[in-house]
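*Asks:* from the sequence below, what's the structure:
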Amino acid sequence: MVDVLLGLQWGDEGKGKIVDFLAPNYDVVARFQGGPNAGHTLNIEGKRIVLRTIPSGVFCERPCNLIGNGVVIDPIEFLKEAKELEAIGINLRKKLKISQKAHLIVPTHRLLDAASEAAKGEEKIGSTLKGIGPAYMDKTGRNGLRVGDLQSPDLKVKFEQLKKKHLELLSLYNFAGDSGELEKKWFEAADYIRSLDIVSGEYFINEKLREGKLVLAEGAQGSMLDIDFGTYPFVTSSNTISAAACTGLGIPPTAIRDVMGIIKAYCTRVGGGPFPTELTDATGEDLRKAGHEFGAVTGRPRRCGWLDLVAVNYTIMLNGVTKLIVTKADVLNIFDEVKVCESYTIGSDEHKSIPFDITAAPIVPNYTTLQGWKTDHAMKTAADLPASLNDFMQYVKDKTNVGVSIVSIGAGRDQLVTF
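*Replies:* Below is the predicted model of the structure:
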């Protein structure tokens, strides 16, 4: 049985904390897509830890952790992350397995990312410039390097062939850059990855399923950033919806049991792209400050706005969500009233669906106003939740037809209420 956990908005929904909370119930936690642009933030015994590539179950004793074939790995970034974990006592040689079919980000991928973004002028996507997009392009273009290639005696030959192709592309962009220093670090980091447990990920995970083991598939970013179904072209370079768990791990659709979708009680977005409920006024700034809305990896301030149920219902449909998890309910505690968007007005028409080109015409969100929960007492159990917060969750359930199974009322591991 595989349960999939993913974000239903534009990322930053709090997936890492929820995976860490649920991980003791599973035998394997497996990351199935994305790259080091995705930061999963956890608070472990008062220490803030950001995971970029390594699955969020790595702090728990029970599960082993798998980086699936759908992930792209930057060895340099991976080594930094690994050393941070080893410094606090995490034994990755014991806890982690890496699919040999996961693709690798090389230094010239970063240069290509920067060149491509610069060429867009004012129409920038908002890339983190970590080389993820170019690495996925090489994957689909059948040019990429994979983790299994690190074990090949021809690694340096393959590396130089890919680098040569990249330098030719950079000359077309008329973009100058030097990856020499990064290359030395890349090969040093590649040596470290070779020392870990590199496996045939699809055989490994299907064998676990045949043994009756439980798997938690961890997604990165959010469903509204999906390359096919997100707010294109302001999207990421991979599929972020539940279907990607199958292709990103090598499991059949029949193996999936539950799909757990995470939403913030409001919305955020990093980088460019449409955001119908964005608040550019003092309320938006209050949300940003109260929610500490700055990118875990980039540090960039996140754009903030009210909860958008048009988008949430869309991604619930795409993912087949069976359980909802609401995070950061505590952040809205500062407001007397909270708003939720139920539909869009585009031109003279009301819509409850996402248009083909969400940037083509101005969108006016239509809001329902709900009472805030401004409580001054500690919320630790379901019985502690104020009536207005319970009303908010019932409202979300009524509008989505999916029940809320967990609500987060703080940053800590213990600040989760289950239903």
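*Asks:* what segments of the stretch 151-300 of the chain are helices?
*Replies:* Ranges of helices within the stretch 151-300 of the chain are 155-173, 180-194, 201-210, 243-249, 282-291, based on DSSP state H, counting those that start in this stretch.
*Asks:* how about those helices in JSON lines, adding mean pLDDT and distance to residue 368?
*Replies:* Where you see a C-beta, it was placed from the backbone N, CA and C, and this is true even at glycine. Compiled in JSON lines, those are given as follows (pLDDT from 0 to 100; distance: least, CB to CB, whole Å):
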{"stretch": "helix 155-173", "mean pLDDT": "94", "distance to residue 368": "47"}
{"stretch": "helix 180-194", "mean pLDDT": "94", "distance to residue 368": "50"}
{"stretch": "helix 201-210", "mean pLDDT": "98", "distance to residue 368": "42"}
{"stretch": "helix 243-249", "mean pLDDT": "98", "distance to residue 368": "31"}
{"stretch": "helix 282-291", "mean pLDDT": "94", "distance to residue 368": "16"}
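*Asks:* which of the ones you listed is buried the deepest?
*Replies:* Stretch with highest mean neighbour count among the helices of the stretch 151-300 of the chain: helix 243-249 (a mean of 24; mean count of other CB atoms under 10 Å).
*Asks:* what does it contact?
*Replies:* Applying CB atoms under 8 Å, 6 or more residues apart in numbering, the external contacts of helix 243-249 come out as 2, 4, 30, 32-33, 66, 68-71, 201-202, 205, 217, 219, 238-239, 251-253, 255-256.
*Asks:* quick one: buried ones out of those residues?
*Replies:* Buried subset of the contacts of helix 243-249 (neighbour count, 16 or more other CB atoms under 10 Å): 2, 4, 30, 32-33, 66, 68-71, 201-202, 205, 217, 219, 238-239, 251, 255-256.
*Asks:* show me which residues of stretch 376-384 are buried.
*Replies:* residue 379.
*Asks:* just the terminal-to-terminal distance for that stretch.
*Replies:* 11 Å (CA to CA, to the nearest Å).
*Asks:* which residues does residue 341 contact?
*Replies:* Counting by CB under 8 Å, 6+ apart, residue 341 makes contact with 276-277, 306-310, 365-367.
*Asks:* narrow those to those in strands?
*Replies:* Taking DSSP state E as the definition of strands, the contacts of residue 341 contribute 306-308, 365-367.
*Asks:* ok now stretch 279-288, how far from the chain's centre?
*Replies:* Chain-centre distance of stretch 279-288: 23 Å, with CA atoms, centre = their mean, to the nearest Å.
*Asks:* ok, stretch 284-292 next?
*Replies:* 21 Å.
*Asks:* extract the C-alpha set from that stretch and format it as CSV.
*Replies:* As requested, the backbone C-alpha atoms of stretch 284-292 are provided in CSV (Å, rounded to 0.1, in the frame of the first residue of the first chain):
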residue,chain,number,x,y,z
GLY,A,284,-0.9,40.7,2.8
GLU,A,285,2.1,42.0,4.7
ASP,A,286,0.5,41.0,8.0
LEU,A,287,0.1,37.5,6.6
ARG,A,288,3.7,37.4,5.5
LYS,A,289,5.0,38.5,8.9
ALA,A,290,2.7,36.2,10.9
GLY,A,291,3.5,33.2,8.8
HIS,A,292,7.2,33.9,8.4
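*Asks:* ok so, going back, which of the contacts of residue 341 sit farthest apart?
*Replies:* Greatest spatial distance among these (CB to CB): 307 and 366, at 12.8 Å.
*Asks:* okay, these two: which has more neighbours?
*Replies:* Between residue 307 and residue 366, residue 307 has the larger neighbour count (other CB atoms under 10 Å), namely 27 against 15.
*Asks:* buried subset of the contacts of residue 341 as a ChimeraX selection?
*Replies:* A single ChimeraX command suffices to select whichever of the contacts of residue 341 are buried according to 16+ other CB under 10 Å:
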select :276,277,306,307,308,309,310,365,367
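*Asks:* can I get the contacts of residue 341 in JSON lines including pLDDT and distance to residue 404?
*Replies:* Conversion of those to JSON lines gives the following (pLDDT from 0 to 100; distance: CB to CB, whole Å):
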{"residue": "276", "pLDDT": "97", "distance to residue 404": "23"}
{"residue": "277", "pLDDT": "97", "distance to residue 404": "20"}
{"residue": "306", "pLDDT": "98", "distance to residue 404": "18"}
{"residue": "307", "pLDDT": "98", "distance to residue 404": "13"}
{"residue": "308", "pLDDT": "98", "distance to residue 404": "17"}
{"residue": "309", "pLDDT": "98", "distance to residue 404": "13"}
{"residue": "310", "pLDDT": "98", "distance to residue 404": "19"}
{"residue": "365", "pLDDT": "97", "distance to residue 404": "22"}
{"residue": "366", "pLDDT": "98", "distance to residue 404": "23"}
{"residue": "367", "pLDDT": "98", "distance to residue 404": "20"}
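*Asks:* any chance of a markdown table for the contacts of residue 341, columns distance to residue 118?
*Replies:* Formatted as a markdown table, those follow (distance: CB to CB, whole Å):
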| residue | distance to residue 118 |
| --- | --- |
| 276 | 28 |
| 277 | 30 |
| 306 | 34 |
| 307 | 35 |
| 308 | 31 |
| 309 | 37 |
| 310 | 33 |
| 365 | 33 |
| 366 | 38 |
| 367 | 38 |
